[in-house]
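**Student:** Sequence and computational prediction follow.
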Amino acid sequence: MTEAANQSGTVSRLGLALVVLVALLWSASTFMPPGLLHGDEAVQWSLAKELSEGTRYSTHQDKFHGPTLATALLITAKLTGTAPTDMDEHYLRSVVSIFLGLMAAAALILPGVGKGPRYATAAFIVLTGGCTPFGYYFVQEMLLVCGFVWGVALWMRAEGSPPASRWWLLSGSAFGFALACKVTAAAYLFFFLLALGLLRRFVPDRRWLRFGFGLVASWALFQSVGFTDLDGLLTWWVQLARSLGVASGQSEDTLYAVNMAPWGWAAAWLAVFASGRSGFSLARWRSRHEADLPCLAAGLIFIFHLALPYKTPWLLLVVFSLPLTIAMPYLLVGRNVRAIVLAPVLATIAILAQGSLSSHTKTSSLVSGFHQNVANLAKAYGDKFYVAVEGGHYWPLPYYLRKYPVGYGDFPQAAKAPLRLIPATDASEPVIPGYAVSSLVLREGGDRYWVLVAKGYESAFIGK
């Protein structure tokens, strides 16, 4: 029996009430879901839109993002009767928030701990958005983490069950869903199994067959979009090969850290959970506390991402979410001071980390005014209005131009388009007969365009 189960019982009602009170104060005054779509969010929207138009996932140019979020969005679109072009930012993020709620629900099935800590933890997660802004970003990471957290929770629920128990199958199925979200989950699964090897005794029995069957079957189901696109199974391995180059810094798509603050806050986050546990179990090599497994797995994942050149803050979502969902209920058991201290300290770290976590490649606030200006110009120009974007495009431009005919790259009508966008490679403003010129920054710190508006319609295009 675990140490957690042997402890004196439940935390005081005052302690649990404080956990919920901290979360309510956060929800009411601190946390604000992000506004304009991030570039990666717009890519996910585009993938869903083109899938709805008949494009197969395995042939899509953005197939390096898994199909699960796009599939979830299409299911939601069917249920609500909403077309992709009518989906605003709030609608898209509402789909992801469903998985935030599902992740919180994983705390409810944990064994060896009373209802109070489990429900207080779930409420804390929902009300604080998982203590990171990524709980509402329309990106795959939220779905990946949801599946991974459920995989760990179901495994812990299965421990002590016979090898024929359905819990092993369900745990594998949850991990399989995570694998279909993004190939990064393969590394996460490896580190979870490594943590198991360090904290548990390996017993080769039939549970591994059930776990493995659930893993493969679930991965194949979601990766092939319900077995309608079997080529998607091969695409996953192509993704894996590409990700190795990106993560190791051998690809032009590698993104290096411009600010290491998120990694410092993640380290502080893990330190709080370790100190709340009073450190990992030292009396014996094998763990005697249920909080050790999720904390050790999160720590290994953190070290993994810290060591690799590729760094974006949303990679830390699992580092924040796994101990919060799986370890926190156990840390609320026993001494009342844990509940009184833990929730405010976690909230403080999360509040301080918000700025650095959400600042990466953020869409410029100028895009909002540009979007309205385009609408004004389209209305003034009439039915023949179209847009030409030269030199390719940067996300989320396709999302914010989604209601209009748009041509990307070189095409015959580009030179006569009433609205043209040209990448600004330097500060010299182009002089093109028949057009008034202004500029637009799409992403804070880069991706600047010259905006060319046909002469005679400058007044309709209000902003600069």
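**Tutor:** Thanks, I have the structure now.

**Student:** only C-alpha atoms for contact and neighbour calcs from this point on.
**Tutor:** Fine.

**Student:** measure the spatially closest residue to G391 that is not a sequence neighbour to A415 for me?
**Tutor:** Spatial nearest neighbour of G391, excluding adjacent residues (CA to CA, 6 or more residues apart in numbering): G409 at 5.2 Å. Per CA to CA, to the nearest Å, G409 is found 11 Å from A415.

**Student:** what's the neighbour count on the closest residue to R402 other than its chain neighbours?
**Tutor:** Nearest residue to R402 in three dimensions, chain neighbours excluded: T85, at 6.1 Å (CA to CA, 6+ apart). As a burial measure, T85 scores 15 neighbours (other CA atoms under 10 Å).

**Student:** Let the chain start at 877 from now.
**Tutor:** Shifting the count to begin at 877 puts that one at T961.

**Student:** Distance-wise, check T961 relative to P1274.
**Tutor:** Taken as CA to CA, the span from T961 to P1274 is 11 Å.

**Student:** element containing G1283?
**Tutor:** Applying DSSP states H and E as the criterion places G1283 in strand 1282-1284.

**Student:** now L1110
**Tutor:** helix 1107-1123.

**Student:** what residues are up against P1220?
**Tutor:** Going by CA atoms under 8 Å, 6 or more residues apart in numbering, P1220 touches V895, V898.

**Student:** pLDDT score assigned to it?
**Tutor:** Note for P1220: predicted pLDDT of 89.

**Student:** Okay, it and M1136: tell me how far apart.
**Tutor:** Separation of P1220 from M1136 (CA to CA): 24 Å.

**Student:** repeat for L913
**Tutor:** Taken as CA to CA, the span from L913 to M1136 is 23 Å.

**Student:** If you count surrounding residues, which of the two has more?
**Tutor:** Set L913 next to M1136 and count neighbours by other CA under 10 Å: L913 wins out with 26 against 15.

**Student:** Which pLDDT value goes with the more buried one?
**Tutor:** 89.

**Student:** same check, this time on G1152
**Tutor:** G1152 is given a pLDDT of 72.

**Student:** Could you do T1239 as well?
**Tutor:** For T1239, the pLDDT comes out at 82.

**Student:** and it, what does it touch?
**Tutor:** L912, L913, H914, G915, P1272, L1318, R1319, E1320.

**Student:** who's it bridged to?
**Tutor:** Per DSSP bridges, the residues bridged to T1239 are R1319.

**Student:** So it versus P1199, what's the distance?
**Tutor:** 30 Å.

**Student:** Can you show me the helices along the stretch 877-1026 of the chain?
**Tutor:** 879-882, 889-905, 915-928, 944-956, 965-981, 991-1004, 1016-1034 (DSSP state H, counting those that start in this stretch).

**Student:** Pick the most buried one from those helices.
**Tutor:** Most buried of the helices of the stretch 877-1026 of the chain by mean neighbour count (mean count of other CA atoms under 10 Å) is helix 1016-1034; its value is a mean of 26.

**Student:** That one vs helix 944-956, what angle?
**Tutor:** With axes from the mean of the first three to the mean of the last three CA atoms, to 10 degrees defining the directions, helix 1016-1034 sits at 100 degrees from helix 944-956.

**Student:** Contacts only, for the residue nearest to L927 when sequence neighbours are not counted.
**Tutor:** Distances taken as CA to CA, 6+ apart place Y933 nearest to L927, at 6.6 Å, with adjacent residues excluded. Y933 makes contact with L923, L927, K939, P943, D1105, G1108, according to CA under 8 Å, 6+ apart.

**Student:** cutoff 10 Å now
**Tutor:** 923-924, 926-927, 939-943, 946-947, 1099-1101, 1104-1108, 1111 (CA atoms under 10 Å, 6 or more residues apart in numbering).

**Student:** What pLDDT does the model give the most centrally placed residue in the chain?
**Tutor:** The residue lying closest to the centre of the chain (CA atoms, centre = their mean) is E1017, at 2.7 Å. E1017 is assigned a pLDDT of 93 by the prediction.

**Student:** okay if I get the contacts of T1239 as a markdown table plus distance to G1036?
**Tutor:** As requested, these are exported to a markdown table (distance: CA to CA, whole Å):
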| residue | distance to G1036 |
| --- | --- |
| L912 | 47 |
| L913 | 45 |
| H914 | 44 |
| G915 | 45 |
| P1272 | 48 |
| L1318 | 54 |
| R1319 | 51 |
| E1320 | 52 |
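
**Student:** now, among the residues you listed, which is nearest to L1233?
**Tutor:** Nearest to L1233 among these is H914, at 12.9 Å by CA to CA.

**Student:** So, low pLDDT: which residues of the chain?
**Tutor:** In the predicted model, the chain carries pLDDT under 70 at residues 877-887, 906-910, 1153-1164, 1210-1212, 1268-1270, 1321-1322, 1338-1340.

**Student:** go again using 50 as the cut-off
**Tutor:** 877-884, 1155-1162, 1339-1340 (pLDDT under 50).

**Student:** Could you pick out the longest helix of it?
**Tutor:** Using DSSP state H, we find that the single longest helix of the chain is helix 1212-1234.

**Student:** Of all the residues in that helix, which ones are buried?
**Tutor:** Within helix 1212-1234, the residues that count as buried by 16 or more other CA atoms under 10 Å are 1212, 1214-1216, 1218-1220, 1222-1223, 1225-1227, 1229-1230, 1233-1234.

**Student:** hmm, back to that, make sure the residue nearest to R1278 is actually in contact with Y1275.
**Tutor:** Yes. Counting by CA atoms under 10 Å, Y1275 is a contact partner of T961 at 8.3 Å.

**Student:** Identify the contacts common to those two.
**Tutor:** Joint contacts of T961 and Y1275 (CA under 10 Å, 6+ apart) are W921, S922.

**Student:** rewinding a little: please state the offset of the next helix or strand after the strand holding G1283 from the chain centre?
**Tutor:** As assigned by DSSP H and E, the chain's next helix or strand after strand 1282-1284 is strand 1295-1299. Its chain's C-alpha centre and that of strand 1295-1299 lie 31 Å apart, by CA atoms, centre = their mean, to the nearest Å.

**Student:** quick one: strands adjacent to strand 1295-1299?
**Tutor:** Strand 1295-1299 sits in its sheet next to strand 1263-1265 (parallel), strand 1322-1330 (antiparallel), going by DSSP bridges.

**Student:** mind checking which of those is nearest G1048?
**Tutor:** G1048 sits nearest to strand 1322-1330 of all those, at 41.9 Å, using CA to CA.

**Student:** in stretch 1066-1081, what counts as buried?
**Tutor:** Judged by neighbour count using 16+ other CA under 10 Å, the buried positions of stretch 1066-1081 are F1067, F1068, A1071, L1072, L1075.
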